[in-house]
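Chemist: sequence? don't have it. structure:
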């Protein structure tokens, strides 16, 4: 006890296996708490000029490991021959997405059957069921995640519509559902990529008609394209965010892949003090891998494609 006190640590008086389990969960939750930079920063282009932007992801865990949330800050970049590069904060995507509201976001999800090509639908109560959110066959689904367990929330009054609205970013039911610091999930291993309309992947070197058509595509993209920030988060979504250097941060589009939708129900369960360190919510890594962007020639024309 004195050693724990003097080292500012914690003394665990465990008298049963349950006490040991709860103590270890409390220790692991404490280790994860605190703001943490994540992934790597994303930048536009190889040179700094007008409109240059960099984005920096971070995440944090609070409330006994039940509130994992993320931020994605955009900074304008300018160059000075004496001072070097300077960074000026421009926007926070978490704030901008929340301002859009649950009804103002374009979110879709995919499901697969016999074909690996997903069927894509709007992520809303008309297309999703509670069984979709807690698929029995999903290996990442927690034991607690069942349609019945979701319906039992808020004293048995939880509905599919309220659950889906929450997952889309509504805060109305926080408390009855899990409380979040931001509606943007934690960004841990997914490094954001900035896709700019001036990006040239070098395919004019192919020669012939492909080179000619690619040159035309570059011109079209440059004149009418928009910069976008692409990043995955552990809210189960792949986010496409406005990458403008001054007015960006708003979400263009979000996609819940088929590999995530079956355990989205895990995100609903609130912190319950009586459950101590045995909470129903368990953090899962959803859309947490690397992202690659390139121009590709497919279906008779050039397109810019992201693979995550």
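Modeler: Received, thanks. On a predicted model such as this, the values are computed, not experimentally measured, just so you know.

Chemist: all contacts plus neighbour counts: C-alpha atoms, from now on.
Modeler: Noted.

Chemist: Sketch out the helices for this protein, chain order is fine.
Modeler: Ranges of helices in the chain, per DSSP state H, are 2-6, 17-32, 93-100, 130-133, 147-151, 153-156, 160-167, 208-224, 258-261.

Chemist: okay, the ones you listed in a markdown table with mean pLDDT, mean neighbour count and distance to residue 306 next?
Modeler: Below are the helices of the chain laid out as a markdown table (pLDDT from 0 to 100; neighbours: other CA atoms under 10 Å; distance: least, CA to CA, whole Å):
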| stretch | mean pLDDT | mean neighbour count | distance to residue 306 |
| --- | --- | --- | --- |
| helix 2-6 | 45 | 10 | 50 |
| helix 17-32 | 54 | 14 | 30 |
| helix 93-100 | 97 | 19 | 20 |
| helix 130-133 | 96 | 21 | 25 |
| helix 147-151 | 96 | 18 | 33 |
| helix 153-156 | 97 | 12 | 37 |
| helix 160-167 | 98 | 19 | 24 |
| helix 208-224 | 96 | 15 | 15 |
| helix 258-261 | 94 | 22 | 16 |
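
Chemist: Could you export these as TSV, including distance to residue 177?
Modeler: Converted to TSV, the helices of the chain look like this (distance: least, CA to CA, whole Å):
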stretch	distance to residue 177
helix 2-6	36
helix 17-32	20
helix 93-100	17
helix 130-133	15
helix 147-151	9
helix 153-156	7
helix 160-167	8
helix 208-224	42
helix 258-261	18
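
Chemist: Determine which of those helices approaches residue 192 most closely.
Modeler: Among the helices of the chain, the nearest to residue 192 by CA to CA is helix 93-100 (12.0 Å).

Chemist: Please give the centre-to-centre distance between that closest one and its chain.
Modeler: Its chain's C-alpha centre and that of helix 93-100 lie 13 Å apart, by CA atoms, centre = their mean, to the nearest Å.

Chemist: helices or strands up against it?
Modeler: Applying 3 or more CA pairs under 8 Å, 6 or more residues apart in numbering; DSSP states H and E, one finds that helix 93-100 contacts strand 67-80, strand 251-256.

Chemist: Least confident of those, on average?
Modeler: Ranked by mean pLDDT, the helices and strands packed on helix 93-100 end with strand 67-80 in last place, scoring a mean of 90.

Chemist: What strands flank that strand, and is each parallel or antiparallel?
Modeler: Partners of strand 67-80 in the sheet, by DSSP bridges, are strand 53-62 (antiparallel), strand 84-92 (antiparallel).

Chemist: how far off helix 93-100 does it point, in degrees?
Modeler: Angle of strand 67-80 versus helix 93-100, following axes from the mean of the first three to the mean of the last three CA atoms, to 10 degrees, is 110 degrees.

Chemist: re earlier: can you tell which of the helices and strands packed on helix 93-100 is closest to residue 133?
Modeler: strand 251-256 (11.1 Å).

Chemist: Right, I'll leave it there.
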